[in-house]
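below are the sequence and a predicted model for it; my questions follow.
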Amino acid sequence: MFVRINPENPQARLVQQVVDCLKNGGVIVYPTDTTYGLGCDIFNRKGIKKIYQIKHRDQRKPFSFICNDLAEISNYAQVSNFAFKIMKRHLPGPYTFVLDATRIVPDALTTNQKTVGVRIPNNAIVQAIVKELGHPLVTTSANLSGDETPQDPRDIDQEMGKSVDMVIDGGILLAEGSSVISLIDDEIEILRQGCGDTSWIHQDR
């Protein structure tokens, strides 16, 4: 299913349609503030397994997930005062922050070191979806592992529309992913430079 949602004022009826799909175990393609994301409800094991299959991704590489706000992040990650201040300053934004996981996080979404990647994208559509869903959404770029993510949702629909339950059209997006930043042990480390500016890191050390 291909659904167009207003990127500035997401229609509540369509957002509810997406959430119903997720609650029924669906896998969706959705816009973020960087690339298009591929995701499902973080508590749906079948959905997570299906995403690994769609992307042809090594199951030893866990996915990140999108939270509604900092309070929700603290349910799934161990957030120190230092980490809280950093994230409060830069979220919503094009960053994935890596933190120690709490026990509530499904094993499929944690590394061997029990860390997780969390995001709050600056995108009204995905924010509305996560808020209505009531808990986080798995996030990974909507592409095959190693390939560039298409910027046009119609191209994504052609490539993987038959493999997912819904593709959301939120306009043309970037091809570059988020910057991934570790805040483990209150140390800032850039794990991947993406479209998020990281010049502030030297000031926050």
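Structure's in. What do you need?

all helices of the protein, in order?
12-23, 45-55, 70-76, 81-90, 124-133, 153-160, 201-204 (DSSP state H).

by contact count, what packs against the first one?
Put plainly, it is helix 12-23. strand 2-4, strand 28-31, helix 124-133, strand 166-169 (3 or more CB pairs under 8 Å, 6 or more residues apart in numbering; DSSP states H and E). (Each C-beta comes from the backbone N, C-alpha and C, glycine too.)

what is the orientation angle of the longest one with helix 12-23?
This means helix 124-133. For helix 124-133 against helix 12-23, the angle by axes from the mean of the first three to the mean of the last three CA atoms, to 10 degrees is 60 degrees.

mind listing what's buried in helix 124-133?
124-130, 132-133 (16 or more other CB atoms under 10 Å).

if the residue nearest to the spatial centre of the chain is in a bridge, with which residues?
Compute the mean C-alpha point of the chain, and by CA atoms, centre = their mean the closest residue is Thr139, 3.1 Å away. Beta-bridge pairing for Thr139 (DSSP bridges): Ser64.

picking that back up, ranking the helices of the chain by burial, who's on top?
Most buried of those by mean neighbour count (mean count of other CB atoms under 10 Å) is helix 124-133; its value is a mean of 22.

sorry, back to before: now the helices and strands packed on helix 12-23 as a markdown table including mean pLDDT?
Shown next, in a markdown table, are those (pLDDT from 0 to 100):
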| stretch | mean pLDDT |
| --- | --- |
| strand 2-4 | 97 |
| strand 28-31 | 98 |
| helix 124-133 | 98 |
| strand 166-169 | 98 |
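
turn these into CSV, including distance to Leu14.
Shown next, in CSV, are these (distance: least, CB to CB, whole Å):
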stretch, distance to Leu14
strand 2-4, 6
strand 28-31, 12
helix 124-133, 9
strand 166-169, 8
